[in-house]
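**Student:** curious how this folds, go ahead:
(one chain, ligands or ions: 1)
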Amino acid sequence: MATTALSDVLMVSVEKLAIAEIVQHPVTGEKALCSLVAFKKGDVISNFEAENVLSEPTYLTVQTDEHKHITLSPSYLQNINHSCSPNVFFDTTSMQLIALRQIEANEELTFFYPSTEWEMSQSFNCFCGSKNCLRTIKGAKFVSSQVIKSYRLTDFIKKQFKKG
Ligand SMILES: [Zn+2]
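**Tutor:** Got it, this is the predicted structure:
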């Protein structure tokens, strides 16, 4: 069975796809998505579309408008975890997953949840380990405009901030 070193735990390979691999923590069962290839900043990693459109968020949905929360197709993209120093971005206007910086093969793909989520259904404590870690992730609504402006945001989240 293939394993991938993620943080300092040996993650177990669950499913290997063309460009990425779903891995799982052997104890907690938590899943992550690791890139199998390198990407340059600005590369389109994948196109995506709405499998379903829900009016309320779940822990798997991505917000595209005020009462629109999509489940992702291809569904393996829902294994992308949050980081306060993300390397990918879900552009919900172009419906493309974009590399925010150079990504190496075997690197975990992460996105900044508040870049798409205004108010999350479940907040959680972040242990991403980055210097700028926000600790508690609840959605863009709860992040100061000073902090949020350092992140790439969807058109929907930008619109929410303009409303004030
Ligand atoms: Zn964090």
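**Student:** measure Phe156 to the ion for me?
**Tutor:** 22 Å (C-beta to the ion, to the nearest Å). (Each C-beta comes from the backbone N, C-alpha and C, glycine too.)
**Student:** I figured that residue hits Thr92, correct?
**Tutor:** Yes: the pair Phe156 and Thr92 qualifies as a contact (C-beta atoms under 8 Å) at a distance of 6.3 Å.
**Student:** which neighbours do those two have in common?
**Tutor:** Gln63, Thr64, Thr116 (C-beta atoms under 8 Å, 6 or more residues apart in numbering).
**Student:** tell me the one among the residues you listed nearest to the ion.
**Tutor:** For those, the residue nearest the ion by C-beta to the ion is Thr116; the value is 15.9 Å.
**Student:** residues touching that closest one, list them.
**Tutor:** Contacts of Thr116 (C-beta under 8 Å, 6+ apart): Val62, Gln63, Thr64, Phe90, Thr92, Thr154, Phe156, Ile157.
**Student:** which element is the third one on?
**Tutor:** Counting by DSSP states H and E, the element that carries Thr64 is strand 62-65.
**Student:** mind giving me the packing neighbours of that strand?
**Tutor:** If you count contacts as 3 or more C-beta pairs under 8 Å, 6 or more residues apart in numbering; DSSP states H and E, strand 62-65 packs onto strand 68-73, helix 155-163.
**Student:** mind checking the pLDDT average for it?
**Tutor:** Across strand 62-65, pLDDT averages out at 97.
**Student:** any residue of stretch 119-137 up close to the ion?
**Tutor:** Yes: using C-beta under 5 Å from the ion, stretch 119-137 reaches the ion at Cys126, Cys128, Cys133.
**Student:** just the pLDDT at the first one, thanks.
**Tutor:** Per-residue confidence (pLDDT) for Cys126: 96.
**Student:** just read off the phi/psi values of it.
**Tutor:** Dihedral pair for Cys126: phi -100, psi 140, per degrees, to the nearest 10.
**Student:** how many neighbouring residues does it have?
**Tutor:** 17 (other C-beta atoms under 10 Å).
**Student:** quick one: secondary structure of Ala50?
**Tutor:** Secondary structure, DSSP: H, G, I helix; E, B strand; the rest coil: Ala50 is strand.
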